[in-house]
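Visitor: pasted the sequence and its predicted model underneath.
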Amino acid sequence: MDLCDKNRLSINSAGGEGTNRSEADFIACFMSSENKGQAEENSTWLKFEVVESGTLSFTITPHKTDDDIDFVVYRSLDGSCKNMKIVRCNAAGDPSDWASHSKCLGKTGLRSGEADSSEDAGCTDTDDNAWLAPLNALKGEKYILLISNVSSRGPGFDIDLGGTALLPCEKKKPIAATITKPTKPKPVAVAVVPPKPAPKSIGGRKVEVGDEVKVKGRKIKIKLWDSQVQDGDIISVYLDDKKVIDHIYLLLKPQEFEIELPDGKEHYLTVFADDFGKAEPNTAMVLISDGVREQTIDLVAGRSKQESVKIISE
């Protein structure tokens, strides 16, 4: 089923599986479940395309409150269902009779404030819950969402989408013009460091600038982790054209580093893939903190190009 906007969608019933169950075989976060890696059970498949970049979240509400709803979010690499990459995977759950107090039953989905990209089956770890981090979706990307009711056949669910990304039937809201009173300029002698342009390439690979973040001050902390499945990815991090973090192994657990921004208002933070591990491209979740606010970006580093985030010092 194709989604055209973020209006609530109600699925009245869910039962059985699709004709090709192998496309949801051996899913990493389901490997410790009773299905041994099979993510498709009483399943519903949804597709959508992003026409305006931004964040994307959703809330799935089961019609039967004690049902365990699990899901997998794929990004289609060529627009089809044959070439897909897992970007979010949630198999967390508990027995149905624990529904009144379990963190891993009831509503589930992607929401702000979460940092995980994957939750394994069960609910044994102290930080386990039914939620994962929102997507940072780019214009033109196509996503496929598999939703499975692993508790019972029949009951359906509601799904509400949110975030700043736009789907095909949604219109971008106009920005109201602001009127400012003219003021007389005061001559001030200030040494201005001109902004550096983004590097065109690093290590022979093209650099593409996507998101931008604003920070206060010049000392920032960044956290890096694998936004999908830990599979041996090794990356370096560049600030403008200078390497500031050298050859780190991406883990599911965030690793923290402190960086001091040089003079100038604008800089570019780029993830470079040193080793693609078991599969490419490398996708790293990057959290940037200036001590006042935290901002999370998903950066992809491939064999021919890598993504960069623009940092503006206020």
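Guide: Cool, the structure landed.
Visitor: so how far is residue 51 from residue 171?
Guide: 10 Å (Cβ to Cβ, to the nearest Å). C-beta: built from backbone N, CA, C; applies to glycine.
Visitor: among those two, which residue is more densely surrounded?
Guide: Ranked by neighbour count (other Cβ atoms under 10 Å), residue 171 and residue 51 place residue 51 first, with 17 against 9.
Visitor: check contacts around the more buried one.
Guide: For residue 51, the contact set (Cβ atoms under 8 Å, 6 or more residues apart in numbering) comprises 139, 140, 166, 167, 168, 170.
Visitor: at 10 Å what do you get?
Guide: Residues counted as contacts of residue 51 (Cβ atoms under 10 Å, 6 or more residues apart in numbering) are 137, 139, 140, 141, 165, 166, 167, 168, 169, 170, 171, 172.
Visitor: OK, contacts around the last one?
Guide: Read that as residue 172. 51, 52, 54, 166.
Visitor: mind doing that once more with 6 Å?
Guide: Applying Cβ atoms under 6 Å, 6 or more residues apart in numbering to residue 172 gives the contacts residue 52.
Visitor: gap between it and residue 214?
Guide: In terms of Cβ to Cβ, residue 172 sits 21 Å off from residue 214.
Visitor: in a strand, that's where residue 22 is, yeah?
Guide: No - counting by DSSP: H, G, I helix; E, B strand; the rest coil, one finds residue 22 to be helix, located in no strand.
Visitor: tally of neighbours for it?
Guide: Neighbours around residue 22, by other Cβ under 10 Å: 8.
Visitor: next one: residue 117
Guide: Residue 117 has 25 nearby residues by other Cβ under 10 Å.
Visitor: what's the answer for the one 3 residues further on, then?
Guide: Residue 120 has 18 neighbours, counted by other Cβ under 10 Å.
Visitor: got it, and the one 3 residues further on?
Guide: Other residues lying near residue 123 total 19 when counted by other Cβ under 10 Å.
Visitor: what residues does it make contact with?
Guide: Taking Cβ under 6 Å, 6+ apart as the test, what residue 123 contacts is 92, 94, 104.
Visitor: tell me the one of those nearest residue 198?
Guide: Distance to residue 198, by Cβ to Cβ, is smallest for residue 92 among these, at 39.0 Å.
Visitor: the closest one bridge partners, please.
Guide: Beta-bridge partners recorded for residue 92 (DSSP bridges): residue 122.
Visitor: hang on, the earlier thing: who wins on neighbours among the contacts of residue 123?
Guide: Neighbour tally across these (other Cβ under 10 Å): the maximum, 27 neighbours, falls on residue 92.
Visitor: that one against residue 104, yeah?
Guide: Yes - judged on Cβ atoms under 6 Å, residue 92 makes contact with residue 104 at a distance of 4.1 Å.
Visitor: for the stretch 1-150 of the chain, what spans make up the strands?
Guide: 9-14, 43-49, 54-62, 69-76, 84-92, 108-110, 118-122, 131-132, 135-137, 142-149 (DSSP state E, counting those that start in this stretch).
Visitor: out of the ones you listed, which gets nearest to residue 285?
Guide: strand 135-137 (9.1 Å).
Visitor: what lines up beside the closest one in the sheet?
Guide: With DSSP bridges as the test, strand 135-137 pairs up with strand 54-62 (antiparallel).
Visitor: look up how far residue 154 lies from residue 96.
Guide: For residue 96, the distance to residue 154 - Cβ to Cβ - is 14 Å.
Visitor: swap in residue 179?
Guide: From residue 179 to residue 154 the distance is 58 Å (Cβ to Cβ).
Visitor: who has more neighbours, the two?
Guide: With neighbours defined as other Cβ under 10 Å, residue 179 and residue 154 compare such that residue 154 has more, 13 against 5.
Visitor: circling back: narrow the contacts of residue 51 to those that are buried.
Guide: Buried members of the contacts of residue 51, counted by 16 or more other Cβ atoms under 10 Å: 137, 141, 165, 166, 167.
Visitor: ok, the second one to residue 213 distance?
Guide: Here residue 141 is placed at a distance of 20 Å from residue 213 (Cβ to Cβ).
Visitor: returning to that earlier point: shared neighbours of residue 92 and residue 104, which are they?
Guide: Applying Cβ under 6 Å, 6+ apart, one finds that residue 92 and residue 104 are jointly contacted by 123, 128, 130.
Visitor: right, and out of these, which lies closest to residue 276?
Guide: residue 128 (29.4 Å).
Visitor: who's in contact with the closest one?
Guide: Taking Cβ under 6 Å, 6+ apart, one finds 92, 104 in contact with residue 128.
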